[in-house]
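Novice: take this sequence and fold it.
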Amino acid sequence: MPDGPPKNLRLRRASRLASSREFALIRQNGRRLALGCLIANWRIMPDGSNSRLGVVTAKSIGNSVKRSRARRLLRESFRLHQHDLAAPVDLVLVARPSIVQKDFAGVEKDYLCVLSRSKLLKA
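Specialist: As a prediction, the model looks like this:
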């Protein structure tokens with residue numbers, strides 16, 4: 001039996017970082033950790049706010065198809081584990097060129113490793 005009501009796993013527009021100002025603020029004032037195929041920049045938000053995600057894919061990753069795939073993999077990792085975060089965060093994920101060779105399980109593993117090392121996951 002699941003414990004409690006089912007969790008909403010949708011990634012709504014309110015859960016996305018949109019402006020370059022928000023990205024820059026997190027990169028300047030937040031914390032950073034690079035591991036595997038991604039770099040995570042984050043800033044803890046006050047209780048009651050929603051966690052938000054921004055994804056950066058540079059041209060060094062490859063053509064537009066490869067960059068779009070990288071964005072989809074990172075967004076999906078966040079979407080599936082957004083309720084596992086200990087506190088609301090603004091999170092910017094930067095894809096590294098090694099993401100091209102990884103499948104979803106590898107990207108998800110790197111994502112969870114980054115979150116656990118940064119102590120952003122629930123215990």
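
Novice: got the contact list for the helix ranked longest in the chain?
Specialist: Longest helix of the chain, by residue count under DSSP state H: helix 64-81. For helix 64-81, contacts defined as CB atoms under 8 Å, 6 or more residues apart in numbering pick out 9-11, 38, 53, 55, 57-59, 61, 91, 93, 95, 99-100, 102, 104, 107-108, 111-112, 115, 121. The C-beta positions use only the backbone N, C-alpha and C, and glycine is treated the same way.

Novice: how close does residue 111 get to residue 47?
Specialist: Distance, residue 111 to residue 47, using CB to CB, to the nearest Å: 23 Å.

Novice: re the thing from before, beyond the longest helix of the chain, next helix or strand please.
Specialist: Counting by DSSP states H and E, the next helix or strand C-terminal to helix 64-81 is strand 89-95.

Novice: what's the following helix or strand after that following strand?
Specialist: helix 104-117.

Novice: how many neighbours does residue 94 have?
Specialist: When neighbours are counted by other CB atoms under 10 Å, residue 94 registers 20.

Novice: just residue 72 next, same as before
Specialist: 13.

Novice: same check on the one 5 residues further on?
Specialist: By other CB under 10 Å, the residues close to residue 77 number 22.

Novice: what sits closest to it if chain neighbours are left out?
Specialist: residue 111 (4.1 Å; CB to CB, 6 or more residues apart in numbering).

Novice: report pLDDT for that neighbour.
Specialist: Looking at residue 111, its pLDDT is 97.
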